[in-house]
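Asks: With the sequence up front, the predicted model follows.
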Amino acid sequence: MRAWGARIGLVLAAAALALSACGGGDGQGAKAGAGTLRIYNWSDYIDPALLEDFTKQTGIKVVYDTFDSNEVLETKVLQGDIGYDLVVPSNSNLPRYITAQAITPLDKAKLQGLQNLWPDVVRHMEPFDPGANYAVPYMWGTIGIGYNRDAVAQRLPGVNVDSWDFALNPKNLAKLKDCGVYFLDASEDMYALTLQWLGKDPNSKDLADYQAATDALLVARPFVRKFHSSEYINALANGDICLAVGYSGDVFQAAARAEEAGGKVKVEYVIPKEGSQVWFDVFVMPKGAPNAEAAYAFLNYMLRPEVIAKASNYTQYANANSAATPLVDAEIRGNPNIYPTPEVFQRLFVTTAKDPALLRDVNRQWTRVLTGQ
């Protein structure tokens, strides 16, 4: 969402990973040596061991490239003939892909394990992919506040980190500027959260609301060190920044890395009390995919509960496969910031697609935010 945004280690040499075929395995509908599968996904968003295992089982080599924003992905996909067999957009972008006929309807007869998908996720996906004809859900999560517990407590003693006001109010940000603040470089995500903070509809169709959100973000802009959708992971883990508006799994990855480095930096995550965005990242097949059969083989592989559970354990994100939940590490599935309680889930919202004219205006506004002008 990954992003509606992004997700150290998986930005591979030459931005690609070519895994040699090792033969054997159950094949998942593909023959050994069945060519190459090209995937375009968020960074830090799959366990490399799963790609190796897929190659061992199918003989299909994997080229795995990464991006850091939905905007980068969408620009490529809408241009057509991008040379990838699978890409991973967020739910809010799907309607534009479908309208532009930039992705291919999936042949469900070639997919095994769709019955394992969590009904609540399928229901939330319906407005974006009616009938579930184009996408297979991968991971889902929330957008919230990641922060360095000790650094924040030192600068804002006694202030609860439980509200968007903490992360967006310039009075707070001014006291955190010296230790570093990152915002997502994801216009739709940041506008939805800012609108929520301002008491407006996060899916507003009124340009005036986005202008108000732009004004609020411009006031906060001088205190934001960087807008980026993945660099905050290492920045939080290393103690280089003390606050990031980011994706849930990314922040949990940062916390894990900080712990592995000796635990001097304590990274925490919170879903603000006003509510937040829940997003879903999905596999889709671009029109003209060079190796559609390899793509179906990979989708079937990822639909297996034991496989997708390993993906969740690596990414620290909830997956969309309800049959996999018991196989996910207990500390992950038992964490209400990863698998929210029903009460918290009620305060989560999805963002819906904007019409092209509004989207152009919003993108212009976002350019002002990024440049501070």
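Replies: Great, that's in hand. From a predicted model like this one, the values you see are computed outputs, not experimental measurements.
Asks: Run the chain-centre distance for the longest helix seen in the chain.
Replies: Using DSSP state H to define each element, the chain has its longest helix at helix 356-371. Mean-position distance between helix 356-371 and its chain equals 21 Å (CA atoms, centre = their mean, to the nearest Å).
Asks: Quick check: mean pLDDT of it?
Replies: Mean per-residue pLDDT for helix 356-371: 95.
Asks: In space, what's closest to residue 275 - neighbours in sequence excluded?
Replies: Nearest non-adjacent residue to residue 275, counting by CB to CB, 6 or more residues apart in numbering: residue 347, 3.6 Å away. No exception for glycine: its C-beta is placed from N, CA and C like everyone else's.
Asks: The one you found contacts residue 278, doesn't it?
Replies: No: the criterion here is CB atoms under 8 Å, and residue 347 misses it with residue 278 at 9.6 Å.
Asks: Who has more neighbours out of the two?
Replies: residue 278 (24 against 16; other CB atoms under 10 Å).
Asks: what's the closest non-adjacent residue to the more buried one?
Replies: Spatial nearest neighbour of residue 278, excluding adjacent residues (CB to CB, 6+ apart): residue 348 at 4.0 Å.
Asks: Enumerate every residue touching that neighbour.
Replies: By CB atoms under 8 Å, 6 or more residues apart in numbering, residue 348 lies in contact with 142, 271, 275, 276, 277, 278, 340.
Asks: What is the most widely separated pair among the residues you listed?
Replies: Within the contacts of residue 348, two members stand farthest from each other by CB to CB: 277 and 340, at 12.2 Å.
Asks: Can you check which residues contact both of the two?
Replies: Here residue 277 and residue 340 have 142, 348 as joint contacts, going by CB under 8 Å, 6+ apart.
Asks: who has more neighbours, those two?
Replies: Remark: of residue 277 and residue 340, residue 277 carries more neighbours, 26 against 20, as counted by other CB under 10 Å.
Asks: Which ones among the contacts of residue 348 map onto strands?
Replies: Of the positions in the contacts of residue 348, 142, 276, 277, 278 sit in strands, assigned by DSSP state E.
Asks: what ranges do the strands span in this structure?
Replies: Using DSSP E, strands in the chain cover 36-42, 61-67, 86-87, 136-148, 181-183, 226-227, 243-247, 267-270, 276-283, 318-319, 348-349.
Asks: Take the contacts of residue 348 and lay them out in TSV including distance to residue 118.
Replies: Output for those, formatted as TSV (distance: CB to CB, whole Å):
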residue	distance to residue 118
142	15
271	19
275	20
276	19
277	18
278	12
340	13
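Asks: which one is residue 307 nearest to, not counting chain neighbours?
Replies: Using CB to CB, 6+ apart and skipping the chain neighbours, the partner closest in space to residue 307 is residue 301 (5.8 Å).
Asks: OK, contacts around the one you found?
Replies: Contacts of residue 301 by CB under 8 Å, 6+ apart are 28, 54, 57, 58, 307.
Asks: Ramachandran angles for the nearest residue to residue 285 once chain neighbours are set aside?
Replies: Leaving aside its sequence neighbours, residue 285 sits nearest to residue 104 (CB to CB, 6+ apart; 4.7 Å). Phi and psi for residue 104, reported as degrees, to the nearest 10, are phi -100, psi 130.
Asks: give me the number of residues near residue 104?
Replies: By other CB under 10 Å, the burial measure for residue 104, its neighbour count, is 16.
Asks: Relative to residue 287, how far out is it?
Replies: As judged by CB to CB, to the nearest Å, residue 104 and residue 287 stand 5 Å apart.
Asks: Run through the helices of the stretch 151-300 of the chain in chain order.
Replies: 164-168, 170-176, 187-197, 207-220, 232-237, 248-260, 292-302 (DSSP state H, counting those that start in this stretch).
Asks: neighbouring contacts of the fifth one?
Replies: Helix 232-237 is touched from outside by 8, 44, 146-148, 180, 182, 226, 240-241, 244, 246, 250-251, 253-255, 257-258, 261, 265, 267, with contacts defined as CB under 8 Å, 6+ apart.
Asks: Apart from its neighbours in sequence, what residue is nearest residue 245?
Replies: In space, and not counting its chain neighbours, residue 245 is closest to residue 183: 5.0 Å by CB to CB, 6+ apart.
Asks: can you check residue 277 too?
Replies: residue 143 (4.9 Å).
Asks: Now mean pLDDT too, for the helices of the stretch 151-300 of the chain, in JSON lines please.
Replies: Supplementary listing: the helices of the stretch 151-300 of the chain in JSON lines, determined by pLDDT from 0 to 100:
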{"stretch": "helix 164-168", "mean pLDDT": "97"}
{"stretch": "helix 170-176", "mean pLDDT": "97"}
{"stretch": "helix 187-197", "mean pLDDT": "95"}
{"stretch": "helix 207-220", "mean pLDDT": "98"}
{"stretch": "helix 232-237", "mean pLDDT": "97"}
{"stretch": "helix 248-260", "mean pLDDT": "93"}
{"stretch": "helix 292-302", "mean pLDDT": "98"}
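Asks: Nearest to residue 80, out of these?
Replies: Of all the helices of the stretch 151-300 of the chain, helix 292-302 comes closest under CB to CB, at 15.6 Å.
Asks: Which other helices and strands does the longest helix of the chain contact?
Replies: Helix 356-371 sits against helix 187-197, helix 207-220, with contacts defined as 3 or more CB pairs under 8 Å, 6 or more residues apart in numbering; DSSP states H and E.
Asks: Could you look over these and pick the most buried one?
Replies: Per residue and on average, the most neighbours among the helices and strands packed on helix 356-371 fall to helix 187-197, with a mean of 25 (mean count of other CB atoms under 10 Å).
Asks: This completes my enquiry, with thanks.
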